[in-house]
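# Got a predicted model here, sequence first, then my questions.
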Amino acid sequence: MQAEIKAESKKPETKRKFDVIIIGAGPAGYTAAIYASRAKRETLVISGNLPGGQLMLTTEVENYPGFAEGIFGPELMTTMRKQAERIGTLIIDDEVVNVDFKRLPFKVLTYSEEYEADAVIIATGASPRKIGVRGEQEFSAKGVSYCATCDGPFFKNQDLVVAGGGDSAMEEAIFLTKFAKSVHVVHRRDKLRASKIMQDRAFENKKIHFHWNSVIDEIKGGQKVSEITIKNLNTDQKEMLEAGGIFVAVGHEPNTKLFKGQIDLDDQGYIILKNKTQTSVEGVFAAGDAHDHRYRQAVTAAGFGCMAAIDVDRYLSENKK
């Protein structure tokens with residue numbers, strides 16, 4: 001699917017200056033492009049190394065509005081891309097390697113070209129941290145998930161495993177108990193890092209079982225995950241658990257290293273918004289998981305993309321661009 005998208009990409013002939021450049025091509029980037037192009041702004045999307053974002057690595061999406069029977073992630077992203085292109089967005093499958101937000105026009109450099117714009121929308125998203133064990137990559141989207149809200153309903157009446165010990169892990173575990181037969185939390189320490197209220201909720205839930213001082217050693221299965229090996233860090237003893245799925249909840253990494261020193265980032269690397277979608281630099285906006293570490297859903301990313309594009313249009317109008 002990814003190769004098919006790249007085959008359809010367009011190459012600009014001479015144009016290097018745009019009203020707005022959108023960096024990133026997930027739900028936030030494509031939605032921003034649709035709104036910006038409909039507002040008659042000359043719009044360029046630079047897709048990055050994964051056109052379509054994280055949804056290109058998912059299977060069925062049931063929680064995106066408008067698809068009564070669900071839709072596969074790559075299909076949804078392909079449809080969004082075609083919609084943006086139909087309205088007039090130019091989409092380049094290239095990777096941004098440097099930016100200059102110190103002066104106007106802003107400069108965005110890729111491996112092959114340098115582009116300029118009067119406004120920029122950063123929609124580079126975030127990537128889930130991996131646990132780096134055997135079977136994790138092999139069973140990605142085949143029982144290994146990084147989003148309980150997205151995939152939990154597909155695991156009804158199954159035994160599940162959650163890796164992690166923070167608030168996110170407890171939220172995932174508690175949410176999964178709505179569908180699962182049982183949820184096993186595997187944590188490398190002897191106590192949780194989660195807030196007390198989240199700990200109390202997890203401890204009170206009879207479906208949740210804890211494996212302390214332990215890590216996941218291997219993920220196994222056939223067509224999908226069927227069992228997980230857990231290793232106790234104190235004894236080196238290994239235990240096998242039958243499980244239909246594993247949810248990795250050890251945090252996310254915002255894809256924002258490129259913008260360090262150009263705009264304000266928090267301690268974790270997420271973009272700090274000054275007002276709505278505005279970053280610390282006037283004319284540079286952000287949308288989606290690059291700043292949103294709370295919701296991390298395709299539909300909220302799309303919503304932020306809409307907001308950013310509207311804010312860009314107003315900014316350009318007010319500055320007579």
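Structure's in. What do you need?
# does Ile46 really touch Ile22, like I thought?
Yes. Using C-beta atoms under 8 Å, Ile46 is in contact with Ile22, at 7.3 Å. Heads up, the C-betas are built off the backbone N, CA and C, glycines and all.
# Settle it for me: which of the two has more neighbours?
Ile22 (35 against 24; other C-beta atoms under 10 Å).
# any idea which element the more buried one lies in?
strand 17-23 (DSSP states H and E).
# Tell me the helices and strands packed up against that strand.
Packing partners of strand 17-23 (3 or more C-beta pairs under 8 Å, 6 or more residues apart in numbering; DSSP states H and E): helix 27-38, strand 43-46, strand 106-110, strand 114-122, helix 298-318.
# hmm, try it at 7 Å
helix 27-38, strand 43-46, strand 114-122 (3 or more C-beta pairs under 7 Å, 6 or more residues apart in numbering; DSSP states H and E).
# Now the longest one: average pLDDT?
The pLDDT scores in helix 27-38 average 98.
# for the stretch 51-200 of the chain, what spans make up the strands?
With DSSP state E, counting those that start in this stretch as the criterion, the stretch 51-200 of the chain has strands at 60-61, 71-72, 90-92, 96-100, 106-110, 114-122, 126-128, 144-145, 159-163, 182-186.
# In CSV, list these along with mean pLDDT, distance to Ile263 and mean neighbour count.
Listed next are those as CSV, based on pLDDT from 0 to 100; distance: least, C-beta to C-beta, whole Å; neighbours: other C-beta atoms under 10 Å:
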stretch, mean pLDDT, distance to Ile263, mean neighbour count
strand 60-61, 82, 31, 18
strand 71-72, 88, 34, 16
strand 90-92, 95, 22, 22
strand 96-100, 96, 9, 16
strand 106-110, 96, 11, 19
strand 114-122, 97, 8, 24
strand 126-128, 89, 16, 18
strand 144-145, 94, 31, 26
strand 159-163, 97, 32, 26
strand 182-186, 97, 36, 23
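# Any figure for the gap between Lys15 and Leu90?
Lys15 is 8 Å from Leu90, where distance means C-beta to C-beta, to the nearest Å.
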